[in-house]
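Participant: Below are the sequence and a predicted model for it; my questions follow.
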There are 2 protein chains.
Amino acid sequence: MKLDAQWIVGFVDGEGCFYIGINRHAEMTAKYQVLPEFTVVQHKRDIQLLHALKDFFGCGVVRTNHGDRMSYRVRSIEHLVDKILPFFEKHELKSKKRQDFIKFRQVIHWIQQEKHLVPKGIEEIRVLAKTMNTGRER
Amino acid sequence: MKLDAQWIVGFVDGEGCFYIGINRHAEMTAKYQVLPEFTVVQHKRDIQLLHALKDFFGCGVVRTNHGDRMSYRVRSIEHLVDKILPFFEKHELKSKKRQDFIKFRQVIHWIQQEKHLVPKGIEEIRVLAKTMNTGRER
């Protein structure tokens, strides 16, 4: 199945998520690990769409999410920077999810500057991440 | 905001619903009323997308759905036949929701043939409607 860029934008406006995970990690100097991820969750009956997204972007994995739900997920900073960010810069989201995308991109830039390795940087990331994904059901 | 046809297909693959309501209606000969509807539900923060869909299709209404959620809804058989069905015939859905669309179209054709005015027709519609919208959360 070949996907059109605008179809992907519409589908991600509906079903996509730009998420910043911040997990306790005792072995790191800043004590926390920052894990940005781009995900699209879908009922397993449409798993072929998740594989089509994976083929389109040329990165990421398709995994079971929860129960009958599957997810397409990109966590690699390199793939996010090289493939996901440029795509959504070129093809702008039309929903308020674009605000989440802009914050997501900001955090990834901070990670590239290694801000996430010091407590002050973690705190800034945490403040920004808290304002993301409001108004979502899941 | 101007929408691209493929964006709409992607968004509806994610968020749209083709639904056949069958309600008890004592005053009708067949005792039931068949109400097909096409809906797209969205958090109110993205109400502008629902209005953009309404503008694109030139029919339907934007209403409160439930709590913070709004919906774009087309119920008029005339508008479904003239605007919604031809759009999704020309621009095919990529998800399994296409199966729901095909059944939805079948029921609308049956309504045009007035099958929904006799008990046997209602029963056929009920059997088909039961196989729709499986694997959805809402």
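Facilitator: Here it is on my side, so go on.
Participant: who touches the residue sitting nearest the centre point of chain A in this structure?
Facilitator: The structure's chain A has its C-alpha centroid closest to residue A:38; by CA atoms, centre = their mean the separation is 1.9 Å. The contact partners of residue A:38, by CB atoms under 8 Å, 6 or more residues apart in numbering or on different chains, come to A:16-19, A:60, A:73-74, A:80, A:84, A:104. All C-beta spots, glycine's among them, are computed from the backbone N, C-alpha and C.
Participant: what about it, distance to chain B?
Facilitator: 15 Å (CB to the nearest CB, to the nearest Å).
Participant: Can you tell me the closest non-neighbouring residue to that residue?
Facilitator: residue A:74 (4.6 Å; CB to CB, 6 or more residues apart in numbering or on different chains).
Participant: Residue A:117 now?
Facilitator: Using CB to CB, 6+ apart and skipping residues adjacent in sequence, the residue nearest residue A:117 is residue A:30, 5.6 Å away.
Participant: Am I right that the one you found sits in a strand?
Facilitator: No. Using DSSP: H, G, I helix; E, B strand; the rest coil, the assignment for residue A:30 is coil, not a strand.
Participant: quick one, phi psi at residue A:78?
Facilitator: Taking degrees, to the nearest 10, you get phi -60, psi -50 for the backbone angles of residue A:78.
Participant: got it, and residue A:16?
Facilitator: phi -80, psi 160.
Participant: Residues touching the helix ranked longest in chain A, excluding its own?
Facilitator: Using DSSP state H, we find that the single longest helix of chain A is helix A:97-112. For helix A:97-112, the external contacting residues (CB under 8 Å, 6+ apart) are A:12-13, A:16-20, A:34, A:36, A:38, A:77, A:80-81, A:85, A:88-89, A:92-93, A:116, A:121, A:124-125, A:128-129, A:131-133.
Participant: go on, stretch A:16-33?
Facilitator: With CB under 8 Å, 6+ apart as the test, stretch A:16-33 has contacts from A:34-41, A:97, A:100-101, A:103-104, A:107, A:116-119, A:121-122, A:125-126, A:128-129, A:132-133, A:136.
Participant: again, only using 6 Å
Facilitator: The contact list for stretch A:16-33 (CB atoms under 6 Å, 6 or more residues apart in numbering or on different chains) reads A:34-40, A:100-101, A:104, A:107, A:117-119, A:122, A:126, A:129.
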